[in-house]
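K.L.:
Sharing a sequence plus its predicted fold:
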2 protein chains.
Amino acid sequence: MPYAIHIGPNVRTSPFFDATVADGVRGFSVYNHMYIPGHFGDPDGEYDRLLHGVAMWDVAVQRQVELDGPDAMALAQLLTPRHLGGARPGQGRYVPLCDHDGWLINDPVLLPLSETRVWLSIADSDVELWALAIARERGLDVAVSEPDVSPLAIQGPRAMEVAAALLGEWVRDLRPFAFRETDLDGIPLVVARSGWSKQGGVELYLRDCTRGTDLWDRVKRAGAPFGIGPGAPNDIERLESGLISYGADMRRQCLPANPFEMGFGPMIDLSAGHDFIGRAALERIAAEGPTRRRIGVFLDGPPLAGNQRPLALLRDGVEVGHVTEIAHSRRLGRNIGVGLAPVELADDTPGLSVRLPDGDRAASLTALPFLR
Amino acid sequence: MPYAIHIGPNVRTSPFFDATVADGVRGFSVYNHMYIPGHFGDPDGEYDRLLHGVAMWDVAVQRQVELDGPDAMALAQLLTPRHLGGARPGQGRYVPLCDHDGWLINDPVLLPLSETRVWLSIADSDVELWALAIARERGLDVAVSEPDVSPLAIQGPRAMEVAAALLGEWVRDLRPFAFRETDLDGIPLVVARSGWSKQGGVELYLRDCTRGTDLWDRVKRAGAPFGIGPGAPNDIERLESGLISYGADMRRQCLPANPFEMGFGPMIDLSAGHDFIGRAALERIAAEGPTRRRIGVFLDGPPLAGNQRPLALLRDGVEVGHVTEIAHSRRLGRNIGVGLAPVELADDTPGLSVRLPDGDRAASLTALPFLR
C-alpha cells in the first residue's frame, strides 16, 4: 500500500522512535495512541530473522496500566475472569478482561511487581480509563496510571543467546512469563520471558523514556554476533501460531466476542468462587454453551495478500461467520486465516468459502495453531 | 515524512474509505482505532479550499458513544462538569469529560436525540469503556454502545450552499450545534451545524455504514458547482482558530490538563449544584485557582514545519511549560503554536523560547484564537 503516514503530535512517539528511524524504519501503524514500526523495508527477511535468527522490536505501544496501592491485586482480580489465587511477584499471566456483559475489552499480560503494585501490559484499548472508573466507583485504595514504561522485544530462536550476552546467564532461568527487575549499567528495566510471537525470547520493559536510544543500541550491539536486526510484530507468524490480536480478531465496538469463543475457557475456573466483572454473564454463557468458536481457515487458490477488513465466512453462499485476518504462509505453502464460526461447523464441513473483494474462495476449517 | 502506513484489519476502515481511495487519498492517520485520511496530495490547495471555498472530509473516526435508556441524560450529566440543565433534543453542546481527579479524558459534542437517547461524538480515547463502567457500577438504566454512525463533514465559507443544495433550504436555519434527523433518498442521517474548523458548515452523521460511497458521491455532486474537493481536518487552521485537539494538546496518560487550564472554565458553573464525576477536584482547583493557562505562541525566524512531539517552552533557558503543536500560518505570515504555560507568564514576558530539535527559537505569548 503506497499510503503515507505523517508523524505529528496527536499520536505519541515511542522512546525508541529516533533509533528506529536511524535503523531505516519504512512504515508505521498506530496502537494505543502511539506510533509502532511496521517494517524496515524487507518483510520477507524480517520474517526469516524471526523464524531462524533473532529480531528486535519497538513494542512501546504495549503500554502499561499500573495499579498501585493496597487494593491493587483486588482490583486486578475484579478486572479479569481468570482466578488470580496464587499470583506472586515476578510471575506474569495472560489475563483476558471483560465488561459486565462478558464481552472482551482487552487481553493483557498481568505483571505483579509486588503485593501492592501490578502492571497490565495491554493490547489496543484504553484499559486505563476502564480500570480507573472501576477503582474509583468502588472506592478501592489503588492509584491507576500509565507509568513511564516502554517494552523492547527480542524474539526468535537465538533471542535467549542475545539476552544472556546482554544481561547475564540468569535470564535463561526465567520461566515463561516470569520477570525480574534489574538495570543495565543504570538503565532501569523489567526483563520478562515473553513476547508476541511463538519463537521465544524476552521483553525489556524500559523504565526511563530518556534512555530509549541507549537501550536500543546496546541490544543491537549485543545481538550483532547473532545476526540481530530490526523488525516488528509479524502478522504472518502470529496467524501461523494462533496468537490473538485484540482489535483485529475481536473488539467490543465492532467485533464483539466473549472469552469462551476466543479460546480462553481453560483459563476461567468459575468454581473458584472469585468475584469479577462479568461473572454473571460468563456463568450464563458457560451454562448455555458458546455458540461460536475460534477457527483457523485454509483458503484455496493462489497466494493472497492480506485483507484490509474482516471478511465474511460463507456456507453454501450464506454468511455464517467471519474471518478476521488472512495471509499467505510460506512455511505452509498455503493461504491461512483466523476467525469466528458457529460451533456446528466442523473441520470437514463442505461448502465453505470466504468472500474476498474480487470474489469468493473455497475454504476449509482447521484447529489452531497452524504451526507449533 | 516518507513513511508508509499499511491498511490492515487491526485498525478499522471508514465507510467512506473506498470513496476516499477513489478520490486519490494519499495518506492516513489513525484515530479511535480507525483510519482517517491525512491529505489528498495538495496540502496548500486543501487549506485554501477550506478557507475560501468548501471541503468535504471523512471524519468517521469521530465515533459516537450512544447512551440509550431512561437514565441516559443522568449518565451524561455525571460524565461532564458542564451543567446540562435545559438540554433539549436537537441541540448539541461541547462537553468536556473529566475523571474523578478532574483530569480531562475527552472533549466530545453531546447530541441529545431524545430524552432517553444521547450521543457523545468523541475525540481520541475510549469514552465507551469509561461511560460503560460508570453506568454499570452505578446501576443506571442505560445501555452504552457504539452505534453504526459515521460523520462526513462539509466545511468552509460555501459549505451551507452545498448543504442547502443537497438537503434543502431548511439546513440554513440550524443554529450552531443544532441538529436534525433526516434522510437523503433513503440514506439515514443526522445533520448538524458543526465541524472541527472555524470556517462553518455541517456534519452529516451517516447511520448506515453500507451507504458510505453513496453519500460521499452525492455530496461531491451537490458540491461540484461550488468547487468542493476532498480534504481532512486541518492542523494549521485549527491552530489559527484555537480549536483544542485532545491527544495533541492534552491527554490523561502523558499530557494531563484540567478543564480550567484548557479554557473550559466559562462552561463550568459549579454553583448549579449538579453532581458529576470530578466535582470535588474541580471545586478545589477552582478555589485555589489554576496554575497554568492555555496559550498561543509566536515563534520567530523562518517558516517551521510541524513538530513530531511536544516541545519545551523555556524562560531564560529553563523549562516552564510546553508547546503541543506548531505550524507556519500563511495567513499570518508567522510561525504559531499552542500550549500550556504558568499563569504568571504574560504576553510580554521577555526571555521566552521554544526548544526545537535543531535549537531554541525566541518566542512570545498571545491570546487565542490567532484569527477569528
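P.N.:
Yep, that arrived.
K.L.:
what does the stretch 101-250 of chain A have sitting close to chain B?
P.N.:
A:105, A:124-130, A:132-134, A:136-138, A:146, A:235, A:245, A:247-248 (CB under 8 Å from any CB of the partner chain). Every residue, glycine included, has its C-beta placed from N, CA and C.
K.L.:
Derive a PyMOL selection command for the buried subset of these.
P.N.:
Here is the PyMOL command that selects the buried residues among those (16 or more other CB atoms under 10 Å in any protein chain shown):
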select buried, chain A and resi 105+124+125+126+127+128+129+130+132+133+134+136+146+235+245+247+248
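K.L.:
quick one: terminal-to-terminal distance for stretch A:235-255?
P.N.:
Criterion CA to CA, to the nearest Å; first-to-last residue distance in stretch A:235-255 is 19 Å.
K.L.:
quick one: it to chain centroid distance?
P.N.:
In terms of CA atoms, centre = their mean, to the nearest Å, the centre of stretch A:235-255 is found 8 Å from the chain centre.
K.L.:
tell me the mean pLDDT over that stretch?
P.N.:
What stretch A:235-255 shows for mean pLDDT is 97.
K.L.:
Ok, stretch A:81-94 next?
P.N.:
Mean predicted confidence for stretch A:81-94 is 95.
K.L.:
in it, what's buried?
P.N.:
A:Pro81, A:Arg82, A:His83, A:Leu84, A:Ala87, A:Gly90, A:Gln91, A:Gly92, A:Arg93, A:Tyr94.
K.L.:
Check stretch A:351-371 too.
P.N.:
Applying 16+ other CB under 10 Å to stretch A:351-371 flags A:Leu352, A:Ser353, A:Val354, A:Arg355, A:Leu356, A:Arg361, A:Ala363, A:Ser364, A:Leu365, A:Leu368, A:Phe370 as buried.
K.L.:
what about it, near chain B?
P.N.:
No - judged by CB under 8 Å from any CB, stretch A:351-371 makes no contact with chain B; its nearest approach is 9.6 Å.
K.L.:
what's that stretch in contact with?
P.N.:
Around stretch A:351-371, the neighbours that count as contacts under CB atoms under 8 Å, 6 or more residues apart in numbering or on different chains are A:198, A:239-242, A:263, A:294-301, A:304, A:307, A:311-317, A:319, A:323, A:326, A:329, A:331-332, A:335-338, A:341, A:345-349.
K.L.:
Show me the residues you listed that map onto helices.
P.N.:
Mapping the contacts of stretch A:351-371 onto helices (DSSP state H) picks out A:Leu239, A:Glu240, A:Ser241.
K.L.:
and which of the residues you listed is nearest to chain B?
P.N.:
Distance ranking of these against chain B, using CB to the nearest CB, places A:Leu239 first at 11.1 Å.
K.L.:
In contact with the spatially closest residue to A:Phe28 that is not a sequence neighbour: list those residues for me.
P.N.:
Spatial nearest neighbour of A:Phe28, excluding adjacent residues (CB to CB, 6 or more residues apart in numbering or on different chains): A:Tyr35 at 4.6 Å. A:Tyr35 is in contact with A:Ile5, A:Ile7, A:Val11, A:Arg12, A:Thr13, A:Ser14, A:Phe17, A:Phe28, A:Ser29, A:Val61, counting by CB under 8 Å, 6+ apart.
K.L.:
Strands of the stretch 251-372 of chain A, start to end?
P.N.:
Assigned by DSSP state E, counting those that start in this stretch, the strands in the stretch 251-372 of chain A fall at A:292-299, A:311-315, A:318-329, A:334-342, A:352-356, A:359-366.
K.L.:
any chance of the ones you listed in JSON lines, plus distance to A:Val118?
P.N.:
Rendered in JSON lines, the data for those read as follows (distance: least, CB to CB, whole Å):
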{"stretch": "strand A:292-299", "distance to A:Val118": "27"}
{"stretch": "strand A:311-315", "distance to A:Val118": "37"}
{"stretch": "strand A:318-329", "distance to A:Val118": "30"}
{"stretch": "strand A:334-342", "distance to A:Val118": "30"}
{"stretch": "strand A:352-356", "distance to A:Val118": "40"}
{"stretch": "strand A:359-366", "distance to A:Val118": "37"}
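K.L.:
Can you say which of those is nearest to A:Pro70?
P.N.:
strand A:292-299 (37.5 Å; CB to CB).
K.L.:
Quick check: closest non-adjacent residue to A:Pro225.
P.N.:
Among residues not flanking A:Pro225 along the chain, A:Ala165 sits closest, at 7.5 Å (CB to CB, 6+ apart).
K.L.:
sorry, back to before: let's have the strands of the stretch 251-372 of chain A in a markdown table, adding mean pLDDT.
P.N.:
Output for the strands of the stretch 251-372 of chain A, formatted as a markdown table (pLDDT from 0 to 100):
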| stretch | mean pLDDT |
| --- | --- |
| strand A:292-299 | 97 |
| strand A:311-315 | 98 |
| strand A:318-329 | 98 |
| strand A:334-342 | 98 |
| strand A:352-356 | 98 |
| strand A:359-366 | 97 |
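K.L.:
Quick check: buried residues in stretch A:335-345?
P.N.:
A:Asn335, A:Ile336, A:Gly337, A:Val338, A:Gly339, A:Leu340, A:Ala341, A:Leu345.
K.L.:
what do you get for stretch A:309-316?
P.N.:
Those buried within stretch A:309-316 under the rule 16+ other CB under 10 Å are A:Arg309, A:Pro310, A:Leu311, A:Ala312, A:Leu313, A:Leu314, A:Arg315.
K.L.:
what do you get for stretch A:44-53?
P.N.:
In stretch A:44-53, counting by 16+ other CB under 10 Å, buried: A:Glu46, A:Tyr47, A:Asp48, A:Arg49, A:Leu50, A:Leu51, A:Gly53.
K.L.:
what's the closest of those to B:Asp173?
P.N.:
Out of those, the member with the shortest distance to B:Asp173 (by CB to CB) is A:Glu46, at 57.4 Å.
K.L.:
did I read that right, that closest one in a helix?
P.N.:
Yes - A:Glu46: assigned to a helix according to DSSP: H, G, I helix; E, B strand; the rest coil.
K.L.:
Now do the same contact list for it.
P.N.:
A:Glu46 is in contact with A:His39, A:Phe40, A:Ala55, A:Gly229, A:Pro230, A:Gly231, A:Ala232, A:Asn234, counting by CB under 8 Å, 6+ apart.
K.L.:
rewinding a little: can you tell me which of the buried residues of stretch A:44-53 lies nearest to chain B?
P.N.:
A:Glu46 (13.1 Å).
K.L.:
follow-up on the earlier one: nearest to chain B, of the buried residues of stretch A:81-94?
P.N.:
Distances from chain B to those, taken by CB to the nearest CB, are shortest for A:Pro81, at 15.6 Å.
K.L.:
Would you check that the closest one makes contact with A:Gly278?
P.N.:
Yes - with contacts counted by CB atoms under 8 Å, A:Pro81 reaches A:Gly278, the gap being 6.3 Å.
K.L.:
Give the residues shared as contacts by the two.
P.N.:
Common neighbours of A:Pro81 and A:Gly278 (CB under 8 Å, 6+ apart) are A:Cys98.
K.L.:
Can you tell me what sits against stretch A:172-180?
P.N.:
In contact with stretch A:172-180 (CB under 8 Å, 6+ apart) are residues A:90-94, A:109, A:111, A:160, A:163-164, A:170, A:190-194, A:202, A:205.
K.L.:
Show only the entries of those residues found in strands.
P.N.:
A:Arg93, A:Tyr94, A:Val109, A:Leu111, A:Val190, A:Val191, A:Ala192, A:Val202, A:Tyr205 (DSSP state E).
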